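Chemist: Below are the sequence and a predicted model for it; my questions follow.
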Amino acid sequence: MSHADAIETRINQLKAGSIPRHIGIIMDGNGRWATLRGLARLKGHRAGVEAVDRVLETVMALGVDYLTVYAFSTENWKRPTAEVRGLMALLVEYLDAKLDKLMANGVCLKAIGDKAGLPEKVQASLKRVEEKTKANTGLYFNIALNYGGRQEIVRAARALAEEVQAGSRSLEEITEESLADKLYTAGQPDPDFIIRSSGEFRISNFMLWQMAYAELWLTDTLWPDFSADDLLDAIADYQKRNRRFGGIDAKGKV
Ligand code: FPP
């Protein structure tokens with residue numbers, strides 16, 4: 001059996017079980033991957049983009065509805081200017097090169113994060129792709145860019161406070177639902193499953209509100225090496241979990 005056939009067989013087997021509706025990914029290890037090969041860090045990011053493509057194809061085949069990838073955090077500006085510039089250029093290149101493919105696959109792309117703080121060129125490319133793909137419903141693909149979970153919650157709290165101050169919302173109307181409605185992910189289901197690559201055991205300010213009940217999966221694999229098989233291993237593990245959301249399961253186990 002060819003590797004592609006083996007992947008397809010695995011996908012079909014997994015589809016018989018529960019598939020996470022929303023997967024979040026903290027893509028880590030691009031820099032180390034490059035350094036290990038004596039390459040510039042940016043080469044690692046470029047290889048990381050290819051891993052994003054592999055994951056996109058696999059989640060679509062699995063029937064996942066939402067995918068959120070952490071591409072640039074509010075803290076990543078601390079990196080050397082050349083790396084930040086390179087990452088931004090890579091994003092523009094990706095958006096421009098992939099628009100047709102995203103359309104062909106019915107992908108709706110959305111940037112989550114403080115877009116106004118991104119370079120003009122990135123903003124323009126994002127606007128074009130978001131506008132063009134906004135009616136697609138095959139896969140909702142969020143790219144977290146200039147994103148910070150705390151910043152997102154503060155922004156939501158301010159938006160609610162403004163409405164209370166203006167008299168259009170009462171204090172009692174500040175609820176989990178109304179706050180979630182002010183997040184970048186408004187209207188989307190919370191991630192069921194969060195994956196982090198490269199052996200780190202951290203959340204790094206990613207989807208803090210949304211991940212309240214997410215299952216976590218950590219792997220030593222560096223992001224550029226992350227394969228369709230790695231994703232399928234992760235899903236197979238997810239299917240063994242017993243999600244109780246703070247309640248008890250049928251056997252009465254807390
Ligand atoms: C973390 O690796 C990775 C990033 C900060 C950037 C992730 C960006 C991409 C994969 C490319 C853009 C994405 C899209 C959606 C086109 P690191 O540099 O922190 O690795 P290290 O910990 O080994 O140094």
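Modeler: Structure's in. What do you need?
Chemist: Which residues of the stretch 1-150 of the chain lie near the ligand?
Modeler: Applying CB under 6 Å from any ligand atom, we find that the stretch 1-150 of the chain lies next to the ligand at 27-32, 45, 48-49, 52, 69, 71, 76, 90-91, 94, 143. Every residue, glycine included, has its C-beta placed from N, CA and C.
Chemist: Which members of those are positioned in strands?
Modeler: Val69, Ala71, Ile143 (DSSP state E).
Chemist: was I right about the first one contacting Ala51?
Modeler: No. In this structure, Val69 sits apart from Ala51 without contact. The criterion is CB atoms under 8 Å, and the distance is 9.7 Å.
Chemist: what touches both of the two?
Modeler: By the contact definition CB atoms under 8 Å, 6 or more residues apart in numbering, Val69 and Ala51 are jointly contacted by Met27.
Chemist: Between the two, which has more neighbouring residues?
Modeler: Taking neighbours as other CB atoms under 10 Å, Val69 and Ala51 compare with Ala51 leading, 26 against 22.
Chemist: Spatially nearest residue to Asn136, not counting backbone neighbours?
Modeler: Cys108 (4.1 Å; CB to CB, 6 or more residues apart in numbering).
Chemist: Give the burial count for the closest residue to the ligand within the chain, as a bare number.
Modeler: The ligand sits closest to Gly31 of the chain, with a gap of 2.5 Å, by CB to the nearest ligand atom. Around Gly31 there are 20 other residues, counting by other CB under 10 Å.
Chemist: I figured Pro119 was touching Ala89, is that so?
Modeler: No. Using CB under 8 Å, Pro119 is not in contact with Ala89, being 9.1 Å away.
Chemist: how close does the residue lying farthest from the centre of the chain get to Phe193?
Modeler: In the chain, Gly167 marks the outermost C-alpha relative to the chain mean, sitting 35.4 Å out by CA atoms, centre = their mean. Relative to Phe193, Gly167 is positioned 41 Å away (CB to CB, to the nearest Å).
Chemist: ok, now Gly31?
Modeler: From Gly31 to Phe193 the distance is 25 Å (CB to CB).
Chemist: same question, Leu118
Modeler: Distance, Leu118 to Phe193, using CB to CB: 27 Å.
Chemist: Could you check which of these two is surrounded by more residues?
Modeler: For Leu118 versus Phe193, the count of surrounding residues by other CB under 10 Å is larger for Phe193: 23 against 19.
Chemist: can you pull the contacts of the more buried one?
Modeler: Counting by CB under 8 Å, 6+ apart, Phe193 touches Pro20, His22, Ile23, Gly24, Ala214, Glu215, Leu216, Trp217, Ala234, Ile235, Tyr238.
Chemist: who touches Pro191 in this structure?
Modeler: So Pro191 contacts Pro20, His22, Ile23, Gly24, Tyr66, Thr68, Met207, Gln210, Met211, Ala214 (CB under 8 Å, 6+ apart).
Chemist: count of neighbours near the residue lying closest to the second one once chain neighbours are set aside?
Modeler: Taking CB to CB, 6+ apart, and ignoring the residues beside it in sequence, His22 has Tyr66 as its nearest neighbour in space, at 3.8 Å. Look at Tyr66: counted by other CB under 10 Å, it has 22 neighbours.
Chemist: and what of Ala186?
Modeler: When counting by other CB under 10 Å, one arrives at 10 neighbours for Ala186.
Chemist: What pLDDT is listed against the closest residue to it other than its chain neighbours?
Modeler: In space, and not counting its chain neighbours, Ala186 is closest to Ala180: 6.9 Å by CB to CB, 6+ apart. Here the pLDDT value assigned to Ala180 is 98.
Chemist: my guess is Ala180 meets Met207, correct?
Modeler: No. Counting by CB under 8 Å, Ala180 stays clear of Met207, with 11.6 Å between them.
Chemist: List the contacts of the residue most central in space within the chain.
Modeler: Nearest to the mean C-alpha position of the chain, by CA atoms, centre = their mean, lies Thr68 at 1.8 Å. Contacts for Thr68 (CB under 8 Å, 6+ apart) come out as His22, Ile23, Gly24, Ile25, Ile112, Phe141, Asn142, Ile143, Ala144, Thr185, Pro191, Met207.
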